[in-house]
Structures are given as C-alpha cells and as structure tokens.
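Student: what's the 3D shape of this:
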Amino acid sequence: MPSADRLVILDRDGVINQDSDSYVKSLDEFLPYPQAIDAIVRLTKAGWTVTIATNQSGIARDYYDKATLAEMHDELARLVRNAGGEIAHIAVCPHGPDDRCACRKPLPGLLEEIRDALGLEELAGSWMVGDSLRDLEAGAAMGCHNVLVRTGKGTRTLTKHPELAADASATYIFDDLVAFVDWLLRP
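Tutor: Got it, this is the predicted structure:
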C-alpha cells in the first residue's frame with residue numbers, strides 16, 4: 001500500500017522528457033531523458049511510489065489527440081517497466097487555460113486524482129517535482145514538499161521567480177531529476 005511519505009509526483013514535460021515551446025505533439029517528439037528513466041527506476045527499486053501529474057493543453061488546442069497522448073504514455077511506461085521500474089498512475093489534464101476545469105495545475109485536481117487513485121487520505125509529506133511555478137503551487141496546495149528542477153522551463157522559472165531560491169525550506173532546487181533522486185536516496 002502506498003504512503004504519502006514515500007510518494008514522488010513528477011511533472012512530465014521538462015522533468016521526464018524534453019519540453020518544447022511548440023508542445024510535444026507526437027511519439028516522435030516525445031524524447032525522454034535517459035537519466036530520468038533511470039531515476040524513476042531507482043525510486044521504484046528503493047520502495048518509492050512514482051506518479052505523474054501533467055497538464056496537456058495541446059489536446060484542447062487540437063495539436064494532438066488522446067490516442068497520441070496514450071501512445072506517449074505507453075512508451076514511457078514501457079521504458080520504465082523494461083528497466084525494472086513502475087509508474088503507479090498518470091494523471092492528465094487535457095484542458096486549455098480558459099476551460100475553467102478543476103484539474104489544470106496550479107489547481108490541485110491532478111494531485112487529488114493521484115491521492116484518490118492510490119487510496120491515500122492526503123498527500124502531505126509527498127514530493128512534487130516540476131519545472132514551473134504552477135507545479136509548485138499545486139504541490140503546496142496539497143502539502144507536498146516542492147522540488148524545482150532546472151531542466152525544461154526550470155531555469156526560466158527561477159529567473160522569473162528568484163524568491164524560490166531564497167527560501168530553501170519551501171522549495172528544493174536541483175539541476176535535474178537525477179540530482180533530486182541522488183539526494184532523496186542518499187544513505
């Protein structure tokens with residue numbers, strides 16, 4: 001049974017795979033960082049539950065469809081599984097920023113979905129890893145420890161929000177997912 005204090009929630013684009021300002025619209029454009037796959041596997045093997053919470057407004061914008069997104073997520077799950085790891089749940093918001101849904105980060109709907117899918121009462125004490133302020137805001141709303149990685153839009157986020165670096169107790173900052181996992185799994 002998963003527990004909140006052994007749960008890592010990952011944003012997708014920019015944390016697990018290369019991001020694009022033009023959106024990741026196809027399986028060919030879905031380019032996971034090899035070291036991110038390894039990091040997910042290491043977490044799994046160390047007894048952590050790994051999930052993903054991802055905004056995918058490209059669906060609402062008709063850049064790609066749900067079937068294409070499913071291909072990307074199936075490939076990600078296959079890569080992780082073949083390396084000996086597991087992704088317990090992928091929560092997706094397919095809405096655009098003007099759709100007024102409850103799931104689009106920075107709202108906590110995706111994290112609530114993860115909580116419910118795993119049968120947890122709360123997410124306080126879990127880890128939210130992202131590359132944008134909206135990831136951190138969603139994590140904070142659910143009591144998560146927040147981690148900002150510099151990959152993807154992370155460096156840009158730090159430039160726009162230098163206050164994130166000023167309070168290390170509110171936001172942990174790492175170069176990438178591997179550096180975070182190295183720190184989390186340190187002896």
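
Student: Settle this for me: Ser132 is touching Arg12, isn't it.
Tutor: No. Under the contact definition of CB atoms under 8 Å, Ser132 does not touch Arg12, with a separation of 11.4 Å. Glycine gets a C-beta too; all of them are placed from N, C-alpha and C.

Student: what do those two both touch?
Tutor: A shared contact of Ser132 and Arg12, defined by CB atoms under 8 Å, 6 or more residues apart in numbering, is any residue touching both; here there are none.

Student: Mind jotting down where the helices sit in the chain?
Tutor: 34-45, 66-82, 109-118, 133-141, 154-160, 163-166, 177-184 (DSSP state H).

Student: nearest to Lys25, of those?
Tutor: Checking the helices of the chain against Lys25 by CB to CB gives helix 66-82 as the closest, at 7.3 Å.

Student: Which other helices and strands does the closest one contact?
Tutor: Of the remaining helices and strands, those touching helix 66-82 by 3 or more CB pairs under 8 Å, 6 or more residues apart in numbering; DSSP states H and E are helix 34-45, strand 89-93.

Student: Residues touching it, excluding its own?
Tutor: 16-17, 24-27, 30, 32, 37, 40-41, 44, 56, 59, 86-87, 90, 92, 94.
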